[in-house]
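Q: what's the 3D shape of this:
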Amino acid sequence: MYFWPEPNQMGSGGAWAYTPPGYSEADPRVKRHAYSFDSHAGVSVYAISYQPGGSCLYREIRPDDYDNNWTAWGAKFDGVSDTTMGCQPG
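A: All right, here's what the predicted structure looks like:
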């Protein structure tokens, strides 16, 4: 699972990689600034966004899913997990 800080799988420093299992906080290059991704994970993983007041949202990313212009979630992305972590769909 790869996340880039710019659209079209580009950006300074290259991709930040996540490998399940568990939760990983996003690298500073892509935290709240992940504008493209490409999943090579064999399972669904979940982008996590922490909200004010302690709640959180998730967005499922399925195997072989990708988005070259992830504007809907790029500014919300805080980390990624192999579970929804009790968050609400977002």
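Q: State the number of residues packed around residue 3.
A: By the criterion of other C-beta atoms under 10 Å, residue 3 has 28 neighbours. To be clear about C-beta, it is placed using only N, CA and C from the backbone, and glycine gets the same treatment.
Q: Next up, the contacts around it.
A: Residue 3 is in contact with 15-18, 26, 30, 34, 36-37, 77, 80, counting by C-beta atoms under 8 Å, 6 or more residues apart in numbering.
Q: so how far is residue 51 from it?
A: 20 Å (C-beta to C-beta, to the nearest Å).
Q: quick check, nearest of the contacts of residue 3 to residue 69?
A: residue 36 (6.8 Å; C-beta to C-beta).
Q: Could you measure from that closest one over to residue 47?
A: Applying C-beta to C-beta to residue 36 and residue 47 gives a distance of 12 Å.
Q: And these two? Which one has more around it.
A: Legend: neighbour count by other C-beta under 10 Å for residue 36 and residue 47, higher for residue 47 (26 against 23).
Q: That one: what's its closest spatial neighbour, skipping adjacent residues?
A: Of all residues not flanking residue 47 in the chain, residue 59 sits nearest, at 4.4 Å (C-beta to C-beta, 6 or more residues apart in numbering).
Q: How is that neighbour assigned, secondary-structure-wise?
A: Following DSSP: H, G, I helix; E, B strand; the rest coil, the label given to residue 59 is strand.
Q: Strands of this structure, start to end?
A: Here the chain has its strands, by DSSP state E, at 2-4, 16-17, 23-25, 36-38, 45-50, 56-61, 66-67, 79-81, 88-89.
Q: now those strands in CSV, with distance to residue 10 and mean pLDDT?
A: Shown next, in CSV, are the strands of the chain (distance: least, C-beta to C-beta, whole Å; pLDDT from 0 to 100):
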stretch, distance to residue 10, mean pLDDT
strand 2-4, 6, 98
strand 16-17, 13, 98
strand 23-25, 21, 98
strand 36-38, 7, 98
strand 45-50, 19, 98
strand 56-61, 19, 98
strand 66-67, 13, 98
strand 79-81, 19, 98
strand 88-89, 29, 98
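Q: Mean neighbour count, the ones you listed: which tops it?
A: strand 2-4 (a mean of 24; mean count of other C-beta atoms under 10 Å).
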